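Asker: Prediction below, plus the sequence it came from.
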Amino acid sequence: MSHTIPYIAAIEEAIRLEMERDDTVLYFGQNIATTENDEFLKQFGSDRVRVTPISETAEIGMACGAALAGYRPVVELYMAEFMLVAMDQVVNEAPRFRYMSGGRVKVPLVLKAGYGFTAGWAGQHTGSIYGMFMGVPGLKVALPATAADAKGLMATAIRDDNPVCFFHHYLLTLEPGEVPDGEYLVPFGQADVRREGSDVTIVATGWCVDRALNAAERLAADGVSAEVIDPRTLEPLDTKTILESVDKTGHLVLVDQATKHASASAVIASIVAEEAFGSLKAPIKNVTALDATIPYSQPMEEYVLPNEDKVVDAVQQVLGQAPVTA
């Protein structure tokens, strides 16, 4: 059985179910439990649900300590950029302890953060910075594109014994989706083939998945069969599914809201070039944000970001159906 709820409600449903299942799961942050009417606070009490000081260093440091002490904290960070204030905790502490202790300690914490806020939020609150966390050993990265995956990946993240960066796109917040009832887990490292095709592989992340699916529909009207893959997690990354698709289609287009040189797509392109070069019939094409700060102006914002038209154009280029543009 399933029910339809918004993307953000699916995430909260997963957190609530995990807190009901496991009393070591904690939930805190600067924007939760600010009043006595908070639903999580009313259900689980102030020992497990707490508002934190306005200090990312403090709240993520608290989470590291709680995780080392045997708890499973979920930290509501609101915006991904706020993690930059506490990079020592995120990059240099939480992911290192398990390895440096020879596996004797675990650091099961979830850093929940929104990303990609556009629609006039300008430079400091629109970053798609998940790519910078992909290369940190010991740190896992989840990037759900649907309400069902948001629920399933959050539950898996909470149960994982390693720190997880859980990035959710703000423009997906109220998008409704069908979500399985009750306990639901989506395994890490297992991509979802959202649309099967034979002519070109499109690998898209997060908010860009729907852009890719819409582009695939338009391409189908012109006789182009596009396979669309959502990795769902960037670390671990399901390279097997991507490589098998490229072997079948011989063409690859990558769609990512991050800037080109800091994108997950750049990493995926490198892997495919290294491991499946013989399968490629044309160069790989990246459709990303331009290497620029997101502007406040809506027309400029739209110019910088990837969209359906850019995806269609990129596919036509790799298939030799359109002139190559800079």
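Answerer: Nice, I can see it.

Asker: And the closest residue to residue 289 other than its chain neighbours, its phi and psi?
Answerer: Nearest non-adjacent residue to residue 289, counting by CB to CB, 6 or more residues apart in numbering: residue 259, 5.0 Å away. C-beta coordinates here come from the backbone N, C-alpha and C atoms, glycine included. Per-residue torsions, residue 259: phi -70, psi 150 (degrees, to the nearest 10).

Asker: measure residue 259 to residue 171 for me?
Answerer: Distance of residue 259 to residue 171, computed by CB to CB, to the nearest Å: 18 Å.

Asker: With neighbour numbers in mind, choose between those two.
Answerer: Legend: neighbour count by other CB atoms under 10 Å for residue 259 and residue 171, higher for residue 259 (20 against 17).

Asker: Give me the pLDDT for the more buried one.
Answerer: Residue 259 carries a pLDDT value of 90.

Asker: contacting residues around it?
Answerer: Each residue near residue 259 by CB atoms under 8 Å, 6 or more residues apart in numbering is listed here: 128, 288-292.

Asker: What segments of the stretch 101-250 of the chain are helices?
Answerer: Along the stretch 101-250 of the chain, the segments classed as helices by DSSP state H, counting those that start in this stretch run 147-159, 208-220, 239-249.

Asker: ok, and which of those has the densest surroundings?
Answerer: Of these, the one with the most neighbours on average (mean count of other CB atoms under 10 Å) is helix 147-159, at a mean of 25.

Asker: Return the distance of that helix from the chain's centre.
Answerer: Counting by CA atoms, centre = their mean, to the nearest Å, helix 147-159 is centred 11 Å from the centre of its parent chain.

Asker: what angle sits between that helix and helix 208-220?
Answerer: Put simply, helix 147-159 runs at 150 degrees to helix 208-220, going by axes from the mean of the first three to the mean of the last three CA atoms, to 10 degrees.

Asker: Dump the C-alpha coordinates for helix 147-159 into PDB.
Answerer: C-alpha atoms of helix 147-159 as PDB (Å, rounded to 0.1, in the frame of the first residue of the first chain):
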ATOM      1  CA  ALA A 147       9.200  11.600  -2.400                       C
ATOM      2  CA  ALA A 148       9.600   7.800  -2.200                       C
ATOM      3  CA  ASP A 149      13.400   8.000  -2.500                       C
ATOM      4  CA  ALA A 150      13.400  10.800   0.000                       C
ATOM      5  CA  LYS A 151      11.700   8.600   2.600                       C
ATOM      6  CA  GLY A 152      13.600   5.400   1.700                       C
ATOM      7  CA  LEU A 153      17.100   7.000   1.600                       C
ATOM      8  CA  MET A 154      16.500   8.900   4.900                       C
ATOM      9  CA  ALA A 155      15.600   5.700   6.700                       C
ATOM     10  CA  THR A 156      18.700   4.000   5.300                       C
ATOM     11  CA  ALA A 157      20.900   7.000   6.200                       C
ATOM     12  CA  ILE A 158      19.700   6.900   9.800                       C
ATOM     13  CA  ARG A 159      20.500   3.200  10.100                       C
END
